[in-house]
Structures are given as structure tokens and as C-alpha cells.
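**Student:** structure for the following, please:
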Amino acid sequence: MAVDNKAIAEGVLAAVGGPENVGNATHCMTRLRLTVKDKSLVDEDAVKGVKGVLGAVWAGPQFQVIIGQNVPKVYAEVTGMGVAGGGSVDEDLGDAEKEPLTPKKVWDNALDFLSGSMVQLIPLMMAGGLFRTFAVVLGPTMLNILAEDSAAYIFFNNIMYDAAFYFLPIYLGFCACRKIGATPVLGALMGGILISPGIISAAAQEGGGIISVYGIEIAAANYSQSVLPIMLSVPCIYFIEKWIKSWMPDALSTIFTPFLTMVIVVPISLIILAPLGALIGNGIGAALFGIADIGGVFTFLVMAILGAFWQLFVVAGMHMPIIMVAIVQLAQAGMDPVIFVSTNCAMWAVWGCVLGAALRLRDKDEKSLCWGYLVAAVLGGVTEPGLFGVILRYRRTMLGMFAGGAAGAVLSGLLGVVVYPGGGATNFLIALQYMQGGMQNLICMLIGAACSIVVGAVVTMMFGFTKEELGTTEEEADADAVLPGAMDY
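**Tutor:** Numbering: from 1, shown residues only. Have a look, this model is predicted:
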């Protein structure tokens, strides 16, 4: 039976106080993210009771409704019902705008800006990365159908991939301005300025070139495939454009507001913000690769912590700063050897826990639910049902999640597994994120995944439930511990 996305949208909006109580809406891979004006009007239980909704959580100022892979269609229905979409900010925020500007609120708003801007680029990163994945699979490192110097290989690996990632500042400038409420094409223009041929060619000169900005000479830099330089520049566009609009006559605004905005923003960006963003971005990359290169106990400790506790970070809403760091790294360096490698193992450990629960539980209804959770995770890419329906319900199963995630992450680190852009999936198709590294990287990834799943399942079966949860006597529990499921016959 087909999912009624319109009914989901109507049910969710009714439960959160109607479209008029939603400031804006965006979405990630599985969640509809709503910024509400009055939190007291949100009926969480009613939202969770909407058919097609898998759960709901608060994350800072956002109310996140867990829907699954059909979330883009639900999002389209929501925006069709009068909710501002695409991350645009509704200027009439009501009481939400009057909240005290605390450090926590500033932090939440910054994360909302970053995530709301980057989420819009997921389709682009998926498409661009998959073109390179296609080339690698058919190339000499895997199927050996295409030679490295063949026109088809060059087209997919260079032209199509580079079109997605080289011009990243332009795409991100557009999306970030749309998120924050500035004119999107001005963000695209600023991104184009950062990677203009004059600046790129000057940066490529031996010893580093110099460019002149209003007579001020500065070192040229290559900002292609960068994230933070344009992200720091966009808020500057927003405030300066808003200030100019406040006094510019309407008859002149169309011509002079964008011109004067860029006249002021460009030197601030090129002289201060872009170099600062590049410095921070390079620092993030150096830190992540430094962790990977240090080796030994420290690297594996970091990966073990991420693998073991990542899902709890997500539940607690503490994951976005780490995700932002990883996305910046993935966009700028084209690979991630630490964060996504570990967090993917955490996801596979949840699969293992749900599998272990399905094999261990004796109640037929509970077993059926667990198998459903597993199918939703492996095929649909939605781990929330298993997380909320098994791990947070039967608390001892967390041991399986901790053990499976940590073991898989450490083993993946030992094997040198690397994640590349282009997958974006959270189901079995996540393997696409590893194919750019060739056959060896893919095989090592499968070994790490198998470790997370098996360890998670075994630990869950052995230690995940009390005898009351299993519905057994003490003697039956002892027998079942030797041969799980033996007492079913």
C-alpha cells in the first residue's frame, strides 16, 4: 500500500499547531526539520501517532520528525501547505524572536544555519560523488572496463565530479543565503568571486601570488572545493544587504542594493573572512588526518568512542558539531578517515542489536517487530525504529551497540578504511561511499561492517535482556543462554 505523503504532512502540521506555527522547514535524509514559533503548541504524542511517522525529537530549536526515505515528498507537501521551505527564514518569528540571546541560543542558531545550508547540497554531493564512483568501479582498480586515459573515464572522474565539487563555493553561497534570508544569487556571486580565474591563477604562481583589493595587496588563495570561507561571508552579505535596504529608496533598490552590498562585502570577505575560513578548514583537516596518522591507542580510542556512543550523541542532539566537521572535511579533502568511518560502524552495530533482539526475544509479536525494524534499517536506511523500539526500550541491548560500534570502528581504523563523498545512503547502498577507494577499501569496509553487526548481535543475544523481558523462568533463561531460542520448541 502506497504511503500517503499528503496525509503525513497534514497530520504533522496539525499536531505542531498548524502551518502558521512553523517558521520554516527543511529536511535531511530521513527527518523533516521544523523550526516552530511556539513550542507549547506542539503535541509530540500526536505527531508520533501520525501514520507514517517513525518518531520525533527536539534538537536545539528544531523539532525533527523522523519519517524515512520518503521525507522529500512529505517536505514538498508541507511547503505546499504554506510553510516556508528551502531553509528560508520567516521574518515574522513571533515569540521565538523575543527569546533571550543566550550563548546556547547563539550556538543552536549557528548549527541550524550550517546544517540547513549543507543539507541542501546533499543531492549535489551524492550525484557528483557517484559519477566518480561509477568511474572507479569500471576503471582499472576494479572491473577494468575503462582505461584511466579513456574519454569515458575522464568524463565521469574529472568533468562530472569536478563540476560538482570544484564550484562548491558557488552552490553553497546560494544555499546559505537562501537559508539565512539574504538574496541567494549574491551568495552565488560571492562564491564565484572566491574561485574566479584571476584569483586561482594568482594563487597557482610559484611562491604564491598577490592580488589587489581596493589597493590593498593580499596573498591570493585557492578557495575551490572550500566550505568555510563562503559560509563566513554569507552572514556578512545578509546584514549589509539588510542595512542598505533599510534606507535605500524602493525605486533605486533593485539596481543599487546588490551593487553596494557586494562593494562592501567583497573586501571584507577576501581580506578577513575567507582567509579565516580557510585557516579553520585547514585546521580541521589537519586535526582529522593528524588523528588518523598518529596511530596507536589515541586514534583507536577516538574511533572507538565515536563508534560506541554515536547513536546516543544523536539522541541527545549533540551530533551536529561533529557532523559539520566531517562534512567540511569530506567536501574539502574528498575523503574522511575517521568520523564517518566510525559513525557508520555505529549504525551497523544498531543493525546487529536489532538482529540479536529478533533472534533472542521469544514473544512472536516482539520478534516480528524486530524483523521489521531490521528491514527498515537495511533496506530503507532508517535506524530510528530499531534505536527507539529496541535499544532505548531494552536498555541492556546498549551493550551490544557499544561493543559492536567500538569493535567495528577500531577494526576499520586498523584496516585503513576511508569514506568518500557520493553515497549519501543510510541503507545497504552505503557501500557506494567506499568504492572510490577501490576494491581493497570496499573489502575492508565490509569486514568492519560485519564485525559491528556480528559483535552487536552476539552481545545483545548474550547480555541484552533480563529474564523478565524474555518472559522466561530462571531455568529457561539459563538454557536459552546456552542455545538461544531452544525453549521455543
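**Student:** what helix or strand does the closest residue to Ser253 other than its chain neighbours sit in?
**Tutor:** Among residues not flanking Ser253 along the chain, Lys245 sits closest, at 6.4 Å (C-beta to C-beta, 6 or more residues apart in numbering). The way it works is simple: take the backbone N, C-alpha and C, and place the C-beta from them, glycine included. In this assignment (DSSP states H and E), Lys245 forms part of helix 228-247.
**Student:** for that helix, packing partners?
**Tutor:** Counting contacts by 3 or more C-beta pairs under 8 Å, 6 or more residues apart in numbering; DSSP states H and E, helix 228-247 is packed against helix 103-119, helix 168-180, helix 184-194, helix 250-268, helix 274-294.
**Student:** need the residues that contact it.
**Tutor:** 113-114, 117, 169, 172-173, 176-177, 180-183, 186-187, 190-191, 194, 223, 253, 256-258, 260-261, 264-265, 268-269, 273-278, 280-281, 328 (C-beta atoms under 8 Å, 6 or more residues apart in numbering).
**Student:** from these, list the buried ones, please.
**Tutor:** 113-114, 117, 169, 172-173, 176-177, 180-183, 186-187, 190-191, 194, 223, 257-258, 260-261, 264-265, 268-269, 273-275, 277-278, 280-281, 328 (16 or more other C-beta atoms under 10 Å).
**Student:** on the three-state scheme, Glu148 is what?
**Tutor:** coil (DSSP: H, G, I helix; E, B strand; the rest coil).
**Student:** measure how far the longest helix seen in the chain is from the centre of its chain, please.
**Tutor:** In the chain, assigned by DSSP state H, the helix with the most residues is helix 438-463. The chain centre lies 22 Å from the centre of helix 438-463; the measure is C-alpha atoms, centre = their mean, to the nearest Å.
**Student:** ok so, going back, give me the number of residues near the residue nearest to Ser253?
**Tutor:** 13 (other C-beta atoms under 10 Å).
**Student:** distance check, it against Pro258.
**Tutor:** Separation of Lys245 from Pro258 (C-beta to C-beta, to the nearest Å): 10 Å.
**Student:** in the helix holding Lys245, what counts as buried?
**Tutor:** 228-238, 240-241, 244.
**Student:** quick one: contacts for the residue positioned nearest the centre of the chain?
**Tutor:** For the chain, the residue nearest the mean C-alpha position is Ile323 (6.0 Å; C-alpha atoms, centre = their mean). Going by C-beta under 8 Å, 6+ apart, Ile323 touches Ser115, Ile339.
**Student:** ok, now Met262?
**Tutor:** Leu186, Leu189, Met190.
**Student:** repeat the analysis, applying 7 Å as the threshold.
**Tutor:** Counting by C-beta atoms under 7 Å, 6 or more residues apart in numbering, Met262 touches Leu186, Leu189.
**Student:** again, but for Leu194
**Tutor:** Pro169, Tyr223, Pro229, Ile230, Ala274.
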